[in-house]
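Colleague: Next comes the sequence, and after it the predicted model I'd like to discuss.
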Amino acid sequence: MKSLILFLLPVLLAVSCVGRELLDERGEVDVEGTPIGHEMIVLGDRLEDPYSVDNMTQALVSLYPTKAERVVLPATHWYVRFLPENEEQYGTLERLGLQLLDHPVDYQILREGDYYHDPDIAEGHITWQYAVVPADFSFPPGIRHELLEKCYIPGVAETKADGTDWAAVEAEAFRLTGNEALLDPGTKAGESAKPAGRITIVDKGLGVTEGVRGVMVSCNTFVKFASAYTDDEGRYAMSKSFSSRPRFRLVFKNSAGFNIGLNLLLIPASVSTLGTHEASGANVEITDESDRWLYLRSVVNNAGYDYIRRCATESPGIKNPPGNLRFWLFRALNSSCAPMLQQGVLVDGLGLNKYLGEYASLINMFFPDILLGLKGKESYGEVYAEALHALAHASHFMLAGKDYWNTYANYIIKSFITSGFVAYGVGTGEGAGHCEVGEMWAYALQAQRYRERYGETERTFGLNYWFHPQIFLQLMDRGLSTGQLFQVLNGEVTDRTLLQKKLTSWYPEYKSEINQAFARYN
């Protein structure tokens with residue numbers, strides 16, 4: 001327990017400090033003139049929801065008075081809010097595929113932000129989570145919820161009256177409820193558009209603008225939601241049409257199978273607001289002068305997407321990281337690590353479940369696999385390289401296994417404390433060999449991938465420590481691929497000697513080169 005607490009304490013301290021950092025203020029506003037901040041959302045007055053069954057019915061009668069007695073609008077959806085008691089209940093809602101927002105959707109937004117916490121909910125507790133669910137939704141037992149409004153959302157009803165122009169009805173509902181100003185003047189009366197666009201980021205090191213890949217773009221107007229993932233070029237296209245201007249946000253839940261979590265609160269995927277844009281969609285270019293959190297999340301997003309896609313192309317292959325991999329990003333920390341907490345490392349390995357009780361599920365569900373310390377890392381390349389290093393560890397974990405990683409993580413924790421907070425310790429004690437093999441691999445792959453991207457053929461990482469990633473780099477130069485090197489890194493290779501022995505056994509044609517590399521960096 002003490003080791004776990006010693007490890008988690010600086011993390012929790014970092015959360016409390018980083019979460020309250022003053023975020024960049026650049027005077028951004030959206031198309032409606034609403035200031036775009038990235039702290040807590042500021043709500044204004046409550047608005048009347050045009051999509052309620054009553055309001056849509058009135059709009060239908062207004063436009064089609066002769067149909068009033070023949071058409072009865074059913075509720076297609078419920079607008080609801082949930083109050084999960086713990087992270088396990090929150091996870092249940094996530095697994096049901098609900099798009100959860102931490103703020104109500106029927107209020108004026110005075111200032112956009114990345115999160116909201118209800119003032120009636122004590123700090124440290126999960127706030128109300130708002131969602132729109134189908135009318136026949138089966139609510140999970142034991143999770144507190146409130147039904148806020150019956151809704152009729154055009155385009156998803158099972159039955160529609162023939163000849164009804166639902167885009168016109170929708171626009172009329174906005175007019176009748178006093179929300180006419182929210183309609184998009186760029187669309188003709190009674191018409192709508194499917195939002196589409198491109199999310200890009202500038203890498204000044206390469207002098208290129210590239211897509212933010214595999215990220216979720218979510219938008220809504222009141223209870224009408226749509227979402228889509230970006231492709232390799234950062235392009236997205238929604239399947240639903242809007243006649244009003246939706247609010248857009250990036251949800252860092254990547255299609256490749258990882259999340260970038262931790263806003264101020266413990267949530268699986270961070271959210272960066274993009275503000276309100278035209279019904280036709282939003283084109284957003286992210287630079288190092290954009291909001292810092294948005295920039296960092298987008299770089300790490302691309303690093304993760306590129307790495308996972310690349311794993312499948314290696315022959316022999318490098319294992320993908322776990323499918324539910326989670327990053328936490330910290331702007332106030334210098335160091336990064338891959339403790340793989342969500343996978344049960346430390347908690348299971350030290351037999352702590354019986355002591356942690358219900359908190360064991362919290363760690364497995366919400367705690368990170370990778371923590372990236374990004375203090376002082378300003379450029380795209382620096383952040384990208386840091387993420388690559390951690391991703392290399394995540395692949396190694398999948399091959400070496402949990403027992404290996406427990407020993408590895410315990411060595412890092414104990415050495416960090418006993419050596420006076422020196423990263424990786426001094427290379428002695430139980431687990432030092434695990435650390436040596438793991439860091440040699442991660443630093444070597446980090447350098448190799450960085451060189452490929454930026455063309456800096458001599459760039460290296462991790463040369464100032466007691467282990468030697470140069471061994472792997474030299475073997476790569478001699479013809480062994482990263483995939484071939486990765487294959488030998490199973491749970492039995494627990495030190496440098498065993499690594500050398502296994503390499504020569506697997507690749508006897510490279511025996512001379514292998515022995516020379518190990519001898520050179522002895």
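Modeller: Sure thing, it's come through.
Colleague: Please look at residue 404 and residue 433 and confirm they touch.
Modeller: No. Taking Cβ atoms under 8 Å as the definition, residue 404 is not a contact partner of residue 433, at 10.5 Å. For glycine as for every other residue, the C-beta is placed from the backbone atoms N, C-alpha and C.
Colleague: Show the residue spans covered by the helices in the stretch 51-200 of the chain.
Modeller: 53-63, 87-95, 166-176 (DSSP state H, counting those that start in this stretch).
Colleague: by contact count, what packs against the second one?
Modeller: In this structure, helix 87-95 packs against strand 129-134, helix 358-366, with contacts taken as 3 or more Cβ pairs under 8 Å, 6 or more residues apart in numbering; DSSP states H and E.
Colleague: For the lengthiest helix in the chain, give the mean pLDDT please.
Modeller: Counting residues, the longest helix found in the chain (DSSP state H) is helix 432-454. For helix 432-454, the mean per-residue pLDDT is 97.
Colleague: before we move on, the earlier item: least confident of the helices and strands packed on helix 87-95, on average?
Modeller: helix 358-366 (a mean of 47).
Colleague: Rounded mean pLDDT for the next helix or strand after that helix, please.
Modeller: Going down the chain from helix 358-366, the next helix or strand is strand 370-373, by DSSP states H and E. The average pLDDT within strand 370-373 is 88.
Colleague: Look up the closest residue to residue 373, ignoring the ones flanking it.
Modeller: Nearest in space to residue 373, with sequence neighbours left out and distances taken as Cβ to Cβ, 6 or more residues apart in numbering, is residue 333 at 3.3 Å.
Colleague: typo on my end, it should be residue 250
Modeller: residue 272 (4.8 Å).
Colleague: Give me the secondary structure label for that neighbour.
Modeller: strand (DSSP: H, G, I helix; E, B strand; the rest coil).
Colleague: For it, report the pLDDT, please.
Modeller: Here the pLDDT value assigned to residue 272 is 91.
Colleague: just checking, what packs against the helix or strand harbouring residue 381?
Modeller: Using DSSP H and E, the element containing residue 381 is helix 380-400. Contacting helix 380-400 under the criterion 3+ Cβ pairs under 8 Å, 6+ apart are the following elements: strand 196-203, helix 292-311, strand 325-330, strand 370-373, helix 432-454, helix 482-487.
Colleague: Could you pull out the buried residues of the longest helix of the chain?
Modeller: Going by neighbour count (16 or more other Cβ atoms under 10 Å), the buried part of helix 432-454 is 432-451, 453-454.
Colleague: Run the angle between it and strand 196-203 for me.
Modeller: 110 degrees (axes from the mean of the first three to the mean of the last three Cα atoms, to 10 degrees).
Colleague: C-terminal to helix 432-454, what's the next element?
Modeller: Assignment by DSSP H and E places the next element after helix 432-454 at helix 470-477.
Colleague: How far does that next one sit from its chain's centre?
Modeller: Mean-position distance between helix 470-477 and its chain equals 33 Å (Cα atoms, centre = their mean, to the nearest Å).
Colleague: contacts for that helix?
Modeller: 440-441, 444-445, 447-448, 460, 463, 482, 485, 503, 510, 513-514, 517-518, 520-521 (Cβ atoms under 8 Å, 6 or more residues apart in numbering).
Colleague: ok, now with 6 Å
Modeller: Residues from elsewhere that reach helix 470-477 (Cβ atoms under 6 Å, 6 or more residues apart in numbering): 440, 444, 485, 517, 521.
Colleague: That's all I had, so thanks and see you.
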